[in-house]
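Visitor: Below are the sequence and a predicted model for it; my questions follow.
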Amino acid sequence: MEIANLLTGIPAQLPEELIETLQVGSAFRLERIVSRGHQSPPDYWYDQPEHEWVLVVQGEAILEVEGQTDPTHLSAGMYVNIPAHLRHRVAWTDPAQETIWLALFYADSQG
């Protein structure tokens, strides 16, 4: 049994986004991601082979999806399910506090 806290163990300085793998299974990977003012590089789009379900545990972020004109503002408690190969990027995270994400990457159950 393992007990931990998603809100602790965050370095005072975060020159880069902190990504920690919490669990890995045969068809999934669970990560804690901590951002503090981090965003995707200009003109960079994630295009992932797996689906991503992501929950904002703490903080705020703005997510952009290619082809959509309105960005999505996420705050604590909100989650989004991003299908595989849906191009997306993080346009903004709050620079005044940590944005803590819980990201579940998973394969299509239909195989």
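Guide: Received it, and whenever you're ready, just let me know what you need. Residues are numbered from 1 along each chain as shown.
Visitor: Look up phi and psi at the closest residue to Glu20 other than its chain neighbours.
Guide: Spatial nearest neighbour of Glu20, excluding adjacent residues (C-beta to C-beta, 6 or more residues apart in numbering): Arg32 at 4.8 Å. In this view, the C-beta of every residue, glycine as well, is placed from N, C-alpha and C. When read as degrees, to the nearest 10, the backbone of Arg32 gives phi -100, psi 130.
Visitor: For the residue nearest to Thr72 when sequence neighbours are not counted, which three-state class applies?
Guide: Closest residue to Thr72 apart from its sequence neighbours, by C-beta to C-beta, 6+ apart: Leu63 at 4.6 Å. On the three-state scheme (DSSP: H, G, I helix; E, B strand; the rest coil), Leu63 is labelled strand.
Visitor: so who does the residue nearest to Glu20 touch?
Guide: Contact analysis of Arg32 by C-beta atoms under 8 Å, 6 or more residues apart in numbering lists 6, 18-20, 22, 100-103.
Visitor: May I see these arranged in TSV, with secondary structure and neighbour count as well?
Guide: As requested, these are exported to TSV (DSSP: H, G, I helix; E, B strand; the rest coil; neighbours: other C-beta atoms under 10 Å):
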residue	secondary structure	neighbour count
Leu6	coil	16
Leu18	strand	18
Ile19	strand	12
Glu20	strand	12
Leu22	strand	14
Ile100	strand	20
Trp101	strand	25
Leu102	strand	16
Ala103	strand	18
